[in-house]
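[1] Test case, fold it:
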Amino acid sequence: MQGLGTLRPALMQALLEQCNSIKVKRLSLFLAKEASHRWFTHLSRKT
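    Next comes the predicted model:
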């Protein structure tokens, strides 16, 4: 997760939308929040 600091929010949003695993989505969002990535606040967390 440390290397994802410069990830574009739109790219991460697209990846999360394509993912079928709820566990992976939740873990990704949790780790992004804990790592304080700037793009985390730009993601839509609606299902």
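[2] Relative to the centre of this protein, find the outermost residue for me.
    Centroid-distance maximum for the chain: residue 20 at 13.9 Å, with Cα atoms, centre = their mean.
[3] separation between that one and residue 35?
    Residue 20 sits 24 Å away from residue 35, going by Cβ to Cβ, to the nearest Å. In this view, the C-beta of every residue, glycine as well, is placed from N, C-alpha and C.
[4] secondary structure element for the residue farthest from the centre of the chain?
    Using DSSP states H and E, residue 20 falls within no helix or strand.
[5] pull the longest helix from the protein.
    helix 22-34 (DSSP state H).
[6] so for it, what's the average pLDDT?
    The pLDDT scores in helix 22-34 average 93.
[7] got the CA positions of it in PDB?
    What follows is helix 22-34 as a C-alpha-only set of coordinates in PDB (Å, rounded to 0.1, in the frame of the first residue of the first chain):
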ATOM      1  CA  ILE A  22     -16.200  -7.600  -0.900                       C
ATOM      2  CA  LYS A  23     -13.400  -8.700   1.400                       C
ATOM      3  CA  VAL A  24     -10.800  -7.300  -1.100                       C
ATOM      4  CA  LYS A  25     -12.700  -4.100  -1.400                       C
ATOM      5  CA  ARG A  26     -13.000  -3.600   2.300                       C
ATOM      6  CA  LEU A  27      -9.300  -4.500   2.900                       C
ATOM      7  CA  SER A  28      -8.200  -2.100   0.200                       C
ATOM      8  CA  LEU A  29     -10.200   0.800   1.600                       C
ATOM      9  CA  PHE A  30      -9.100   0.100   5.200                       C
ATOM     10  CA  LEU A  31      -5.400   0.000   4.300                       C
ATOM     11  CA  ALA A  32      -5.800   3.100   2.100                       C
ATOM     12  CA  LYS A  33      -7.400   5.000   5.000                       C
ATOM     13  CA  GLU A  34      -4.800   3.700   7.500                       C
END
